[in-house]
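Chemist: with the input below, show me the fold.
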Amino acid sequence: MIRSIICSKFIRRAVVRQAVFRAAGFAAVAILYTAEIAVGQNTFPELDTGSSVTWNTTLWTLGGLPPQTATQVGLLRGGGTMTIDDTSTNTTPGGLLIGWSGNFSVNMTSGTLTVGATAGDGQAAFGLTVGESGTGNFAQTGGLVTAPLVNLGRHPSTPGVGTYTLSGGTLATAAILLRGPGSGTFNFNGGTIEVSGTAANLIASSITTNVQAGGALIDTNGFNATIASPLAGAGGLTKSGSGTLTLSAASSYTGGTTISGGRLEIAPTGALAATGTVTINGLGAELRYNASSALTAPLTFTQGTISGTGTIGTAVNVGSGRILSPGNSPGVQAYSSGLTWSPLGTYKWEINDAAGVAGTNWDLLQVSGSALDLSGLSSENRFNLDLTTLTGTAGGQMANYVDGQSYTFSLATYASLDLPNSFSGNDLTSLFNPSFSNWQNPAPSLANVSIVNDAATSTINLVIVPEPSAVALLAAAAAAAALPRVRRRTRNA
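Modeler: Predicted structure coming up:
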């Protein structure tokens, strides 16, 4: 049965017309829709069928011709199945409810489905709702679905059940939510989520999220997004695109983690499984590890950045194209299975207060378990130090820095230190290439900068000593400033 339902007793006037819906294996049937709503209330064009139909024409836009208005939504219910398999763009600007009551499934293999979120019922916008007060299933194996939000199990009082399985194609959305007392499941199995906006959570904590064999592919697309639901399953996660994806729950998926673009942040409440290799390989790719538990999964670090405050419990080699940036600008990070500094690797060392404390006001690396290994360095093959000043946590001048004054800043502590075979002494300056290009305070001359091993405290320090002439000028200026006071005391005596 196909009919039109008016969803409010406050509707004063509605114009009903007819559009053609083409059903696979059936004669053409009619869908009634409203083209005009007098008081802005919701009218629901509804497909109520126990049969299987195919949406493969733009003649049905869930409102017919002319297009559905912004206050209308489409309803799919009644134990049926719809297949979307065309190459056209199908739109429903007000929203689409699958499984409004009873059961309904949608299988999308190709084409474009654009769902708006301009209609709602006082609880929330409809958007793409899978499982309103019934059971809804959306299985996407291809095509593009664009929806500002996806609601799973949305009804405020009647528990709905919604399942979205993404096995191919792209889902462009800002949020996947569970709105009511029902249940919602999101299955990753090979398709891509492209983040289309900023929301509190990309996937809410109340959603059951499975990473199946095809894996989870997430392109943050320049936005910052958070998955608050634990990710579980045998598949892996691939993070691409600029912007930050934060995992705020402890995940147990075992298929590995790949960061090819942007930042993947593991929050203090998050975690990654011990199995499954973590791969950082991409220009601008970053793992910000802030978890309270150590990262013990195997790590492949080819290109990108490791940052954060969480312990890295697997061996790390920082060579060409790889950057260490401990803390969250600035901060301290521990490496409990050793750390190797190789030629052309970079330590991005940040400081915001020259009178502060290591690990709080400037970056500090703590290496234990195995050696801090510098054995591959030489005067011809140096390790880079990107010395960066901050105002607070952003680029700018640090506080309490006096040009011409001597300073010693700790860079790293170690349990043991491996140096080149032919190297002797504690002056390690010839193994490093310090850069002051991001130093916003007056920069010292490189001739007055040393990298020194303090063997007594197992610390590698950055030492800045002003030129003797600068010290003399400062002393003379101080003496000149004191002289009038001395003379005044003499005259008053």
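Chemist: the residue nearest the centre of the chain and residue 226: what is the separation?
Modeler: Nearest to the geometric centre of the chain sits residue 245, at 1.1 Å (Cα atoms, centre = their mean). Residue 245 sits 8 Å away from residue 226, going by Cβ to Cβ, to the nearest Å. All C-beta atoms are positioned from the backbone trio N, CA, C, and that covers glycine.
Chemist: find residues that contact each of those two.
Modeler: Counting by Cβ atoms under 8 Å, 6 or more residues apart in numbering, the common neighbours of residue 245 and residue 226 are residue 202.
Chemist: picking up where we left off before, output the contacting helices and strands for the strand or helix carrying the residue nearest to the centre of the chain.
Modeler: If you go by DSSP states H and E, residue 245 is part of strand 244-247. Packed against strand 244-247 by the contact rule (3 or more Cβ pairs under 8 Å, 6 or more residues apart in numbering; DSSP states H and E) you find strand 225-227, strand 263-266.
Chemist: look up the closest residue to residue 104, ignoring the ones flanking it.
Modeler: Closest residue to residue 104 apart from its sequence neighbours, by Cβ to Cβ, 6 or more residues apart in numbering: residue 76 at 4.5 Å.
Chemist: how about the contacts made by that neighbour?
Modeler: Taking Cβ under 8 Å, 6+ apart, one finds 46, 47, 82, 96, 97, 98, 99, 100, 104, 106, 136 in contact with residue 76.
Chemist: could you dump these to TSV with distance to residue 374?
Modeler: Shown next, in TSV, are the contacts of residue 76 (distance: Cβ to Cβ, whole Å):
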residue	distance to residue 374
46	71
47	69
82	63
96	60
97	62
98	60
99	62
100	66
104	64
106	59
136	59
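Chemist: now do the helices in the stretch 101-250 of the chain.
Modeler: Secondary structure of the stretch 101-250 of the chain (DSSP state H, counting those that start in this stretch): no helices present.
Chemist: coming back round to it: list the buried residues in the helix or strand just after the strand holding residue 245.
Modeler: Going down the chain from strand 244-247, the next helix or strand is strand 257-259, by DSSP H and E. Judged by neighbour count (16 or more other Cβ atoms under 10 Å), strand 257-259 contains these buried residues: 257, 258, 259.
Chemist: turn the helices and strands packed on strand 244-247 into TSV, including distance to residue 360 and mean pLDDT.
Modeler: Putting the helices and strands packed on strand 244-247 into TSV (distance: least, Cβ to Cβ, whole Å; pLDDT from 0 to 100) gives the following:
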stretch	distance to residue 360	mean pLDDT
strand 225-227	26	98
strand 263-266	20	98
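Chemist: okay, these in a markdown table with distance to residue 358 and mean neighbour count next?
Modeler: Shown next, in a markdown table, are those (distance: least, Cβ to Cβ, whole Å; neighbours: other Cβ atoms under 10 Å):
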| stretch | distance to residue 358 | mean neighbour count |
| --- | --- | --- |
| strand 225-227 | 31 | 24 |
| strand 263-266 | 23 | 24 |
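Chemist: can you list the weak-confidence ranges in the stretch 101-250 of the chain?
Modeler: Applying pLDDT under 70 to the stretch 101-250 of the chain picks out residues 118-124.
Chemist: if we use 90, what do you get?
Modeler: 101-104, 111-127, 132-134, 153-160, 179-182, 198-200 (pLDDT under 90).
Chemist: that older thread, closest to residue 441 among the buried residues of strand 257-259?
Modeler: The nearest member of the buried residues of strand 257-259 to residue 441, counting by Cβ to Cβ, is residue 259 at 32.9 Å.
Chemist: okay, the closest one: pLDDT?
Modeler: We have a pLDDT of 98 for residue 259.
Chemist: tell me which helix or strand the residue lying closest to it once chain neighbours are set aside sits in.
Modeler: Leaving out its chain neighbours, the residue that sits closest to residue 259 by Cβ to Cβ, 6+ apart is residue 285, at 4.5 Å. Assigned by DSSP H and E, residue 285 belongs to strand 278-289.
Chemist: so how far is whichever helix or strand comes after that strand off the chain centroid?
Modeler: As assigned by DSSP H and E, the chain's next helix or strand after strand 278-289 is strand 299-308. Relative to the chain's own centre, strand 299-308 is displaced by 15 Å; criterion: Cα atoms, centre = their mean, to the nearest Å.
Chemist: before we move on, what about stretch 433-452?
Modeler: For stretch 433-452, the distance to the chain centre is 33 Å (Cα atoms, centre = their mean).
Chemist: contacts for it?
Modeler: Contacts for stretch 433-452 (Cβ under 8 Å, 6+ apart): 382-389, 391, 395-398, 401, 403, 411, 426-429, 431-432, 460-467.
Chemist: in strands, which of these appear?
Modeler: 383-389, 391, 395, 411, 432, 460-464 (DSSP state E).
Chemist: circling back: now do the SS call for the residue nearest to residue 104.
Modeler: At residue 76 the chain is in strand, as set by DSSP: H, G, I helix; E, B strand; the rest coil.
Chemist: now it: how far from residue 134?
Modeler: Residue 76 is 10 Å from residue 134, by Cβ to Cβ.
Chemist: what touches both of the two?
Modeler: With Cβ under 8 Å, 6+ apart as the test, residue 76 and residue 134 both reach 99, 100, 104.
Chemist: what about the first one, neighbour count?
Modeler: Read that as residue 99. Residues lying near residue 99 (other Cβ atoms under 10 Å) number 31.
Chemist: how close does residue 333 sit to residue 347?
Modeler: As judged by Cβ to Cβ, residue 333 and residue 347 stand 11 Å apart.
Chemist: more neighbours: the two, which one.
Modeler: residue 333 (25 against 21).
Chemist: quick one: the more buried one and residue 312 touch, right?
Modeler: Yes. Between residue 333 and residue 312 there is a contact at 7.0 Å, judged by Cβ atoms under 8 Å.
Chemist: which neighbours do those two share?
Modeler: 289, 306.
Chemist: what's the domain layout of this protein?
Modeler: 1-188, 315-493 (automatic domain parsing).
Chemist: format these as JSON lines; extra columns: distance to residue 251.
Modeler: Listed next are these as JSON lines, based on distance: least, Cβ to Cβ, whole Å:
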{"stretch": "domain 1-188", "distance to residue 251": "12"}
{"stretch": "domain 315-493", "distance to residue 251": "21"}
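Chemist: residue 290 is nearest to which of the ones you listed?
Modeler: The nearest among the domains of the chain, by Cβ to Cβ, is domain 315-493 at 7.1 Å.
Chemist: average model confidence for that closest one?
Modeler: For domain 315-493, the per-residue pLDDT averages 88.
Chemist: burial count for the closest residue to residue 264 other than its chain neighbours?
Modeler: Leaving aside its sequence neighbours, residue 264 sits nearest to residue 239 (Cβ to Cβ, 6+ apart; 4.5 Å). As a burial measure, residue 239 scores 27 neighbours (other Cβ under 10 Å).
Chemist: that concludes my questions; thank you for your assistance.
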